[in-house]
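1. below are the sequence and a predicted model for it; my questions follow.
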Amino acid sequence: MMAPRTHTKLRIIVASLLCLCSLGVASVSDWRQHVPESDRARANPYALDADAVSIGKKLFQQSCAQCHGDDANGRTHKPSLRSEDVRTATDGELFWLLTNGSVRHGMPSWSRLPESQRWQIIAFLRSFNRAAAASHQGTTKSATIGK
Ligand code: HEC
């Protein structure tokens, strides 16, 4: 049995953790507000390039995985790149972020990578959405079949 006092302490700890988490979520993707309209609308010239995803994956392992994780699920204080925020960002917004970084929040600028490589990395990030959509379709289908 837990003493009532421990209980209160626990509640305070849980409450402050929840608070911290929501703060963290609110600050991520603030960068999107800084993207100029013309950049937002840019299309990925590699969107239909069959090799872009595999090249982008290699580049991701070299430059991004150390912070965002090998599977892009994020690390402590480094956001997941499989989030709703990244999924709903336009290619142009992601390109702007890679070019400019969000340096104050710990995301470096990748302007030293050639533009083509930045777009290839974005093509790789986009491939998650397709995989997620496919597996989602798979689950709904099998769920329907099961019924
Ligand atoms: C040194 C650590 C570090 C490296 C390396 C790094 N990032 Fe980041 N990244 C961050 C941090 C920290 C943020 C959160 C920035 C913010 O909150 O404004 C971030 C944010 C992002 C976001 C926006 C996520 C969101 O939810 O809004 C994207 C997309 C992203 N990074 C992609 C990349 C890619 C692609 C690379 C490799 C080219 C990369 N990052 C390399 C630390 C890093």
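-> Sure, I can see it.

2. hmm, stretch 77-92 in reach of the ligand?
-> Yes: interface with the ligand: stretch 77-92 contributes 78, 79, 81, 83, 85, 86 (C-beta under 6 Å from any ligand atom). (C-beta placed from N, C-alpha, C; glycine too.)

3. and the two most separated of those?
-> Using C-beta to C-beta, the two most remote members of the residues of stretch 77-92 next to the ligand are 78 and 85, lying 13.4 Å apart.

4. skip the chain neighbours and tell me the closest residue to the residue most central in space within the chain.
-> Nearest to the geometric centre of the chain sits residue 81, at 1.8 Å (C-alpha atoms, centre = their mean). Spatial nearest neighbour of residue 81, excluding adjacent residues (C-beta to C-beta, 6 or more residues apart in numbering): residue 72 at 4.1 Å.

5. that neighbour contacts residue 80, doesn't it?
-> Yes: using C-beta atoms under 8 Å, residue 72 makes contact with residue 80 at a distance of 6.6 Å.

6. so what sits against both of those two?
-> Here residue 72 and residue 80 share no contacting residue, scored by C-beta atoms under 8 Å, 6 or more residues apart in numbering.

7. and for residue 42, the neighbour number?
-> Applying other C-beta atoms under 10 Å, we find 16 residues neighbouring residue 42.

8. still on that earlier bit, reformat the residues of stretch 77-92 next to the ligand as CSV; add pLDDT.
-> Listed next are those as CSV, based on pLDDT from 0 to 100:
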residue, pLDDT
78, 96
79, 96
81, 97
83, 95
85, 93
86, 95
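
9. from the residues you listed, keep the buried residues only.
-> Neighbour-count burial (16 or more other C-beta atoms under 10 Å) applied to the residues of stretch 77-92 next to the ligand gives 78, 79, 81, 83, 86.
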